[in-house]
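Enquirer: kindly return the folded structure for what I paste below:
(2 chains)
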Number of protein chains: 2
Amino acid sequence: MAVKMTEKFTFTLLAEDSSARAGTFTTPHGMVQTPVFMPVGTQATVKSLTPVQLKELNVQILLSNTYHLYLRPGADIVQEMGGLHQFMQWDRPILTDSGGFQVFSLGELRKITEDGVTFRSHIDGSPHVFTPESAVAIQEKLGADIIMAFDECAEPLDKDYSAKAMQRTHRWAQRCKDAQSRNDQALFGIVQGGIFDDLRSQSAEYITSLDFPGNAIGGLSVGESKADMLRTIEVVNQILPKDKPRYLMGVGTPYDLIEGIRRGVDMFDCVLPTRLARHHAALTMRGRVNLSKAENTRDPKPIDPECACYTCQNFTRAYLRHLIIAREMLASTLISIHNIHTLVSLAAILRESILAGNFESTAESLLKGLT
Amino acid sequence: MAVKMTEKFTFTLLAEDSSARAGTFTTPHGMVQTPVFMPVGTQATVKSLTPVQLKELNVQILLSNTYHLYLRPGADIVQEMGGLHQFMQWDRPILTDSGGFQVFSLGELRKITEDGVTFRSHIDGSPHVFTPESAVAIQEKLGADIIMAFDECAEPLDKDYSAKAMQRTHRWAQRCKDAQSRNDQALFGIVQGGIFDDLRSQSAEYITSLDFPGNAIGGLSVGESKADMLRTIEVVNQILPKDKPRYLMGVGTPYDLIEGIRRGVDMFDCVLPTRLARHHAALTMRGRVNLSKAENTRDPKPIDPECACYTCQNFTRAYLRHLIIAREMLASTLISIHNIHTLVSLAAILRESILAGNFESTAESLLKGLT
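Expert: Here you go, the predicted model:
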C-alpha cells in the first residue's frame, strides 16, 4: 500500500504486526525507514556531535526547534544561508516543530488569544508573536522536509481547558494549511485533547479530516501517568489513517518507544539521549547507568558490553568517569553517541521484528530487560 | 643517516635545508614524520575531539600531562586500564611531559629542594612530592612512547636563578636516566638556561653528553621576547646533536613553528589550537579570526576559503558564530578541528619544502601571509 501524498512525499506501509507498523517515508532529502527515532538538534546542532558522527550513528532524520532558531540566529539568516540543511550541513531529512510547545512552556512569559501567542524571549525578554500563519512562514524559511502545525498544548489534566485548547488547535490547523505556500514540505497536523478519550477521539477525527500528509500526537509526556499516555495513543491511533505516518511528539525513553510502536506510532523525538549525556547518565536496554559514580573508577568494562556503538567499542567506564570528573567535553560527546545509538538501534531492531512478524516476542524480551 | 638509539627508537634525518630538517622518528606505536606539531591532550583527551577526529586530522603524536594525570585519575588507574594508549584509545605515539613545568607554574603552592618539588594540588590542595625518580616512575606507569626528564623551569630573565635551576636540571637529568627501568620508552633530556647564551650553551653541552635518544629545549615561550626566544633556539641547536630529534616545548603559533623549524627544531607542542577554539578564535595562515564578532553573523564564507579541514569544507562563519552565541559545544569541536589542522598541515607543508629543497622561499611566503 503506497499513497503518493504530494510529488515528493510518499508513505509506504510495508508490514503490520498487530498494531505495530514498518514503513518508508520519502522526502526531498531521502527516505526514512519507520519506526524511527529522531534526535533533537534544538539550535541547529545535536549538542556536541558533528553531522559525520550522526551519520555514523545511522540517524535518518533530525528534529530542530522553530522557537529557538527564530530567536537565534533568526529565520532570515538561516534562509539566507541556504536553509537549515545547508546551514547545519545535514543533507538527510529534517523536521521542525512549530514553536507551539516551546511558547506554551514559557508560562508567565506568554499570552494566548485566538489570533496566536504573544510571548517574551527567554534570552532577552524581547516581545514576539507567533500565529499559525507566522509559524508556517518561519518554517518555510527554515526549509525542513516536515513542518508542524501550530497547536496549543494544554495542561493535560484540566478537561475544560483541554477542550478549548483542542478546538483552537483545530482552527489553527486549518489556518496553517491555508498558510502553506511551499509544496516541498510535508505539513503534519497535531492531535490534542489531554488525557480525555472523548476529546482525543474528536481531535483525531477532525485532524484526519484535514488530510495532512502525516499526523502527530501532541500534548503527551507532559506530566500524565504512563497508563494515561498509552491509552491516549491507542484511542488516537484507532482513528488516525493507516496510510500516513504517525508521530508521537517529545517522547523517547526505550520503554516509550517499545510501547508507542506497539500501539502503531511511526516516529519519535526526544532530547533525552543528549540531555542525559550532559548529566552523565547512559541509556541502556537494561536501565540507566550513572557514570559519575565512584564504582566506575576502575571499571574496565564499557557502558554496555553488548552495545555496538563507537563509545562502547572503544572506551571503558573508568575513562568515561575520568572525563566526567575532569569536566571534559568529550564525556558529553561519547555518552551522547551511546545514548542516541541506543534509541536509533532500538527503533531499527523493532522495525526488523515487525518485518519478520515477531514484534510481540521481541518487544516482550526487550521490556523484560528494562525492568 | 640513521641512528638506532634503542631497539625501538630510530631517528632518520632525511634532508636538511640550511638549518631546517626533515626526518622520521620510529616509536613502539609507529613512525613520526618530522617536523611535527603535537596537539595537547592534558587530561588524556584533546579537548572536545575523539581519537577518530584526531586521526582524520593526520595527527601523528599527542602530548599528555603527567601532573594532571597523576592527580586525576591517578597513574595507577591509567596503568591498571592498560596504560595511556589503551585508556584514551590512541594507538599512535604519545609523549608525556614530566610535570616539571606544571608544578613550577603553581607558584605559591610549591617548594623546590634538591630532592624534588613539594606542591599542593590545584584541585583540592592536597600535598604531593615530585622527584626526578617519581616523575620517571609515574611516566613509566602512564606508558607513553616518549617521556621527559624532570627539570626546573626558572624565570627566564633572572640569570642567577637561571644558572641554579639549570645546574639542578642537569643533576636531575642524570637521576632521571638512572631511574628509568623500561626500555620501550625514549627518555628525552631538557636544556634550560633562560635567555642567557652562555648558560644555554653550557646546558646544551651537558645534556648532549648524557646521550638521551632525543633532546628538548625547555623554558621558552614563558614571557621572554621573540628575539630572545629565537636566538636561544639557535644557540642550543648549534650544539645539540644532529642525529637526534629536537623538541621545542610548549611552543606553537604558526610564526613560532616556521621560525623554530628554520632553526632546526623537529617537534612542537602547544595548547594554543584547542584553547583558542574554546575562546572562539581561529588560527589561520593570515592571522587570527575572532568568530564571535557581529561581522560574521551573515558571512557565508568558511573560516579560511583555502583550508582543507572538515570545518572549512562544510561550515560558514555565520554557522560558527551562531554556535558560539548559542553556547553550543559543537563550536569548540569545529574550531579545534580547524586550528589543529592549521598547525599539523603547516608542519607537513614545511617538511615537504625541506625534502624538496625550497624551505626558505616557502617559509618566507608563509611568513608574509601572517603579517
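
Enquirer: point out the residues in chain A that sit beside chain B.
Expert: A:43-45, A:47-53, A:68, A:72-73, A:77, A:80-82, A:87-89, A:297-298, A:300, A:310, A:314-316, A:318-319, A:321-323, A:325-326, A:328-330, A:332-334 (Cβ under 8 Å from any Cβ of the partner chain). Where you see a C-beta, it was placed from the backbone N, CA and C, and this is true even at glycine.

Enquirer: please redo it, this time with the cut-off set to 6 Å
Expert: Contacts of chain A with chain B, taken as Cβ under 6 Å from any Cβ of the partner chain, map to A:43, A:45, A:48, A:72-73, A:77, A:81, A:87, A:89, A:298, A:314, A:318-319, A:322, A:326, A:328-330.

Enquirer: can you map out the helices along the stretch 251-371 of chain A?
Expert: A:254-262, A:272-278, A:310-314, A:317-325, A:330-356, A:359-370 (DSSP state H, counting those that start in this stretch).

Enquirer: want to throw the ones you listed into CSV with distance to residue A:107?
Expert: Formatted as CSV, the helices of the stretch 251-371 of chain A follow (distance: least, Cβ to Cβ, whole Å):
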stretch, distance to residue A:107
helix A:254-262, 25
helix A:272-278, 20
helix A:310-314, 37
helix A:317-325, 32
helix A:330-356, 28
helix A:359-370, 33
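
Enquirer: out of these, nearest to residue B:152?
Expert: Among the helices of the stretch 251-371 of chain A, the nearest to residue B:152 by Cβ to Cβ is helix A:317-325 (29.2 Å).

Enquirer: show me what that closest one is packed up against.
Expert: The contact analysis (3 or more Cβ pairs under 6 Å, 6 or more residues apart in numbering or on different chains; DSSP states H and E) places helix A:317-325 against helix A:330-356.

Enquirer: flag every buried residue along the helix it packs on.
Expert: A:330-348, A:350-351, A:353-354 (16 or more other Cβ atoms under 10 Å in any protein chain shown).

Enquirer: can you check stretch A:97-117 too?
Expert: In stretch A:97-117, counting by 16+ other Cβ under 10 Å, buried: A:97, A:98, A:99, A:100, A:101, A:102, A:103, A:104, A:110, A:112, A:116, A:117.

Enquirer: from start to finish, how long is stretch A:30-46 in a straight line?
Expert: End-to-end distance for stretch A:30-46, by Cα to Cα, to the nearest Å: 20 Å.

Enquirer: list the buried ones in that stretch?
Expert: By neighbour count on 16+ other Cβ under 10 Å, the buried set for stretch A:30-46 is A:32-46.

Enquirer: out of those, which sit inside strands?
Expert: Within the buried residues of stretch A:30-46, residues falling in strands by DSSP state E are A:32, A:33, A:34, A:36, A:37, A:38, A:39.

Enquirer: how far away is residue A:164 from chain B?
Expert: 35 Å (Cβ to the nearest Cβ, to the nearest Å).

Enquirer: how about that residue: what's its closest non-neighbour residue?
Expert: residue A:154 (7.5 Å; Cβ to Cβ, 6 or more residues apart in numbering or on different chains).

Enquirer: next, count neighbours for that neighbour.
Expert: Using other Cβ atoms under 10 Å in any protein chain shown, residue A:154 has 26 other residues around it.

Enquirer: that one touches residue A:161, doesn't it?
Expert: Yes. Here residue A:154 reaches residue A:161: they are 4.8 Å apart, a contact under Cβ atoms under 6 Å.

Enquirer: quick one on the thing from earlier: could you dump the helices of the stretch 251-371 of chain A into CSV and include mean pLDDT and distance to residue A:25?
Expert: Below are those laid out as CSV (pLDDT from 0 to 100; distance: least, Cβ to Cβ, whole Å):
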stretch, mean pLDDT, distance to residue A:25
helix A:254-262, 98, 15
helix A:272-278, 97, 22
helix A:310-314, 98, 27
helix A:317-325, 98, 35
helix A:330-356, 98, 12
helix A:359-370, 97, 19
